[in-house]
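# Sequence and computational prediction follow.
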Amino acid sequence: MQKKGYADSELQELRTGGIIKQKQKDYFILRTRIPGGYLKADILKNYSVLAKKYGRGYVHVSTRQGIEIPWIHIKNIPKLLKGLKKLGILKGACGPRSRNLIACPGSSVCRFGLVNTEELARKLDRVAFGRDVPKKFKVAISGCLNSCAKPQENDLGFLAQGEPELDMDKCIGCTLCAKVCEKVCGRGKREPAIVMDNNKRPVALAKGGQTTALRPVYRKENCLFEGDCIRVCPVNAWKLKKAGFAVYIGGKVGRFPKFGEKIADFINELELPKIIENTVRCYNRIAETGVRFGEALEKQDIDLIKKEIL
Amino acid sequence: MSEPKIDQCLDLKGVPCPLNFVKAKLKLEGMDAGSILEVVLDDGEPIANVTASVKEEGHQILRVEKIAECWKLIIKKV
């Protein structure tokens, strides 16, 4: 091993995160971040160039929507890091810092998505990424209750919700909304929010004339705010009244996994940067070095924490 | 009560998702704008998914009816 040194400034770069020691002597992994998992194809090509030039011609796609390039020799790290920005590649984080913010595909392409997660991830990356914290801190956004980005397993999770509203004049009484609602509510696990009223009533036909049909009744207290009734309604009688985010805190996996606790519903998108800011501050206040947010929360009064974060 | 005049019929009983939607879509593509297609679909995923997909494609759904174990969807091509 060549012991003759590396400049302190060079080693300093290793401490800011994104460079992870491999088990093999003198080799490191470059961890990059891709906010929300959205990456331009041109930049993807640059990853290929780097992996061939400095690595061993392959990458590893991480579970946090980042790309890692293994087999970087220590002597190449300063050169590699200097070129990253120009290539459009963002450095990731390791150690006691907040990680890449992950997101599902969102409403730009997904038929279930209630919010545009791509735009949101890019915006929130500025406040959510690379913050100094006691251990690690992960943020995730999901565009619907399918929870593909698993916000409940992250230290801070945002889950999009949509409240439906019914325009009874448009309804043709087909019962599909009640049918999908029953499915969303676990077929009996939970009382459905939409049920069909037993009394038939007249409904206008699209082609003129009328018939009689059952009428859907909405019981908001049972609603999971998934928006499936809106999606399935053949005549757009169900509409999105409002969208927002449920906020989960303290989720983690590891040896003692726990789901995050929901502390709010229907939070406006504009409030999210503030909530991230407050949560990072709260985490630094309540947790000692090496302790995850969820563990530190166990000894706290959740009502006070809610006030601090929201 | 005026019944819409059905121009074409498509029986998709036993056809799984998403093949049922693809078949309905191809059928609609071969029809003139304004004409009416009647589709018969299985209960469960097929009726919910195909209804949502047909709507997403921009067609107008005139009626949705439960008939025995199946569903009938009346679609107006846009």
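Nice, I can see it.
# Would you mind measuring from A:C185 to chain B?
Plainly put, A:C185 is 14 Å away from chain B if you go by Cβ to the nearest Cβ, to the nearest Å. For the C-beta atoms, the positions are set from N, CA and C on the backbone; glycine is no exception.
# Stretch A:229-243 - what's its average pLDDT?
Averaged across stretch A:229-243, the pLDDT comes to 95.
# Span of it from start to end?
Distance between the two ends of stretch A:229-243: 14 Å, counting by Cα to Cα, to the nearest Å.
# In that stretch, which residues are buried?
A:C229, A:I230, A:R231, A:V232, A:C233, A:P234, A:V235, A:A237, A:W238, A:A243 (16 or more other Cβ atoms under 10 Å in any protein chain shown).
# what's the next secondary structure element after the stretch of helix or strand A:A160 belongs to?
Assigned by DSSP states H and E, A:A160 belongs to strand A:156-166. Next along the chain after strand A:156-166, taking DSSP H and E as the criterion, comes helix A:176-184.
# and residue 41, how many neighbours?
By default, I'm working from chain A. Residues near A:A41, counting by other Cβ atoms under 10 Å in any protein chain shown, number 6.
# wrong chain, I was asking about chain B
B:L41 is flanked by 26 other residues according to other Cβ under 10 Å.
# Next up, the contacts around it.
Counting by Cβ atoms under 8 Å, 6 or more residues apart in numbering or on different chains, B:L41 makes contact with B:L12, B:K13, B:N20, B:I47, B:V50, B:C70, B:W71, B:K72, B:L73.
# Doesn't A:I263 lie inside a helix?
No. The assignment for A:I263, made by DSSP: H, G, I helix; E, B strand; the rest coil, is strand rather than a helix.
# low-confidence ranges in the stretch 101-250 of chain A?
A:204-209 (pLDDT under 70).
# So which residues of it form helices?
For the stretch 101-250 of chain A, applying DSSP state H, counting those that start in this stretch gives helices covering A:117-128, A:176-184, A:228-232.
# check contacts around A:C181.
A:P192, A:A193, A:I194, A:D228, A:C229.
# what's the closest non-adjacent residue to the third one?
Same thing as A:I194. A:C181 (4.1 Å; Cβ to Cβ, 6 or more residues apart in numbering or on different chains).
# Which secondary structure elements does the longest helix anywhere in chain A sit against?
Identified as the longest helix of chain A according to DSSP state H is helix A:272-286. Under the contact criterion of 3 or more Cβ pairs under 8 Å, 6 or more residues apart in numbering or on different chains; DSSP states H and E, helix A:272-286 touches helix A:117-128, strand A:156-166, strand A:238-249, helix A:293-297, helix A:302-309.
# right, so the ones you listed: which one is the most enclosed?
Of all the helices and strands packed on helix A:272-286, strand A:156-166 has the most neighbours on average by mean count of other Cβ atoms under 10 Å in any protein chain shown, namely a mean of 24.
# What's opposite A:V247 in the beta bridge?
Residues in a beta bridge with A:V247, per DSSP bridges, are A:F158, A:A264.
# Can you tell me how far it is from chain B?
Taken as Cβ to the nearest Cβ, the span from A:V247 to chain B is 29 Å.
# same thing with A:Y218?
Counting by Cβ to the nearest Cβ, the gap from A:Y218 to chain B is 18 Å.
# That residue against A:P164, yeah?
Yes. Counting by Cβ atoms under 8 Å, A:Y218 does reach A:P164; the two are 7.2 Å apart.
# Could you report the neighbour count for A:I29?
A:I29 is flanked by 20 other residues according to other Cβ under 10 Å.
# show me the contacts for it.
Taking Cβ under 8 Å, 6+ apart as the test, what A:I29 contacts is A:I19, A:I20, A:K21, A:Q22, A:H60, A:E68, A:I69, A:P70, A:W71, A:I72.
# Which pLDDT does the model give the spatially most central residue of chain B?
Centroid-nearest residue in chain B, with Cα atoms, centre = their mean: B:V39, separated by 3.9 Å. Note on B:V39: pLDDT of 96.
# can you tell me the helix or strand for it?
strand B:36-42.
# Show me which positions of that strand end up buried.
For strand B:36-42, a neighbour-count test (16+ other Cβ under 10 Å) marks B:I36, B:L37, B:E38, B:V39, B:V40, B:L41, B:D42 as buried.
# Hmm, the first one is touching B:L73, no?
The one in question is B:I36. No. With contact defined as Cβ under 8 Å, B:I36 does not reach B:L73; the gap is 10.8 Å.
# Tell me which helix or strand A:I69 sits in.
Using DSSP H and E, A:I69 maps to strand A:67-73.
# what mean pLDDT does stretch A:78-93 have?
Averaging pLDDT along stretch A:78-93 gives 92.
# Dump it to PDB, keeping only the CA atoms.
Below are the C-alpha coordinates for stretch A:78-93, written out as PDB (Å, rounded to 0.1, in the frame of the first residue of the first chain):
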ATOM      1  CA  PRO A  78     -10.300  14.000  -6.200                       C
ATOM      2  CA  LYS A  79     -10.300  14.000 -10.000                       C
ATOM      3  CA  LEU A  80     -13.600  12.200 -10.200                       C
ATOM      4  CA  LEU A  81     -15.400  14.500  -7.700                       C
ATOM      5  CA  LYS A  82     -14.200  17.600  -9.500                       C
ATOM      6  CA  GLY A  83     -15.800  16.500 -12.700                       C
ATOM      7  CA  LEU A  84     -19.200  15.400 -11.300                       C
ATOM      8  CA  LYS A  85     -21.000  18.700 -11.300                       C
ATOM      9  CA  LYS A  86     -20.300  19.400 -15.000                       C
ATOM     10  CA  LEU A  87     -21.600  15.900 -15.800                       C
ATOM     11  CA  GLY A  88     -24.900  16.700 -14.000                       C
ATOM     12  CA  ILE A  89     -24.300  14.000 -11.400                       C
ATOM     13  CA  LEU A  90     -25.200  14.800  -7.800                       C
ATOM     14  CA  LYS A  91     -23.200  13.400  -4.900                       C
ATOM     15  CA  GLY A  92     -25.100  11.200  -2.500                       C
ATOM     16  CA  ALA A  93     -24.800  11.000   1.300                       C
END
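# Please consider this matter closed, and thank you.
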